[in-house]
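Asker: output the structure for:
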Amino acid sequence: MKTIVKLLDEDTSGLLHISILGEPLSEEWIIEEKKISNWLRFLGITNYRLHLSGHYHPYEFKDIIKAINPKEMIPIHTMVPKTMLDLFRKI
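Answerer: Alright, predicted model coming up:
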């Protein structure tokens, strides 16, 4: 919520939010996800939800990065963020 409040004063056009889910969704999570989706839409941020395992080989990660062509990556929920960033920079 603090991040959303900060974004209210920022230009959020062109931002992309991708949620990658690996577990089946519970009813509570569906409600929370809808709230987040509504906020992102309000802020003009494009939002995608992907149901994936989250376990990739380097060549699969490379294909994903090439497909979405992001300028920046912020690793979240990983035990090796530096490795993820190093691989991203190499691609």
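
Asker: and residue 66, what is it in contact with?
Answerer: residue 91 (CB atoms under 8 Å, 6 or more residues apart in numbering). To be clear about C-beta, it is placed using only N, CA and C from the backbone, and glycine gets the same treatment.

Asker: that one: what secondary structure?
Answerer: helix (DSSP: H, G, I helix; E, B strand; the rest coil).

Asker: in this structure, what residue spans correspond to strands?
Answerer: Ranges of strands in the chain, per DSSP state E, are 16-21, 46-51.

Asker: list the buried residues of the last one.
Answerer: Pointing back at strand 46-51 there. residue 47 (16 or more other CB atoms under 10 Å).

Asker: dig out what the spatially most central residue of the chain forms beta bridges with.
Answerer: The residue lying closest to the centre of the chain (CA atoms, centre = their mean) is residue 18, at 3.2 Å. On the basis of DSSP bridges, residue 18 is bridged to residue 48.

Asker: need the nearest residue in space to residue 12, chain neighbours excluded.
Answerer: Spatial nearest neighbour of residue 12, excluding adjacent residues (CB to CB, 6 or more residues apart in numbering): residue 43 at 4.5 Å.

Asker: would you confirm that that neighbour contacts residue 13?
Answerer: No: between residue 43 and residue 13 there is no contact under CB atoms under 8 Å: 9.0 Å.

Asker: neighbour-wise, which of these two wins?
Answerer: In this view residue 43 and residue 13 are compared by other CB atoms under 10 Å, and residue 43 has more residues nearby, 17 against 9.

Asker: ok, now which ones touch that one?
Answerer: 4, 7, 8, 12, 15.

Asker: one more time with 10 Å, if that's ok
Answerer: Residues near residue 43 by CB atoms under 10 Å, 6 or more residues apart in numbering: 4, 7, 8, 10, 11, 12, 13, 15, 17.
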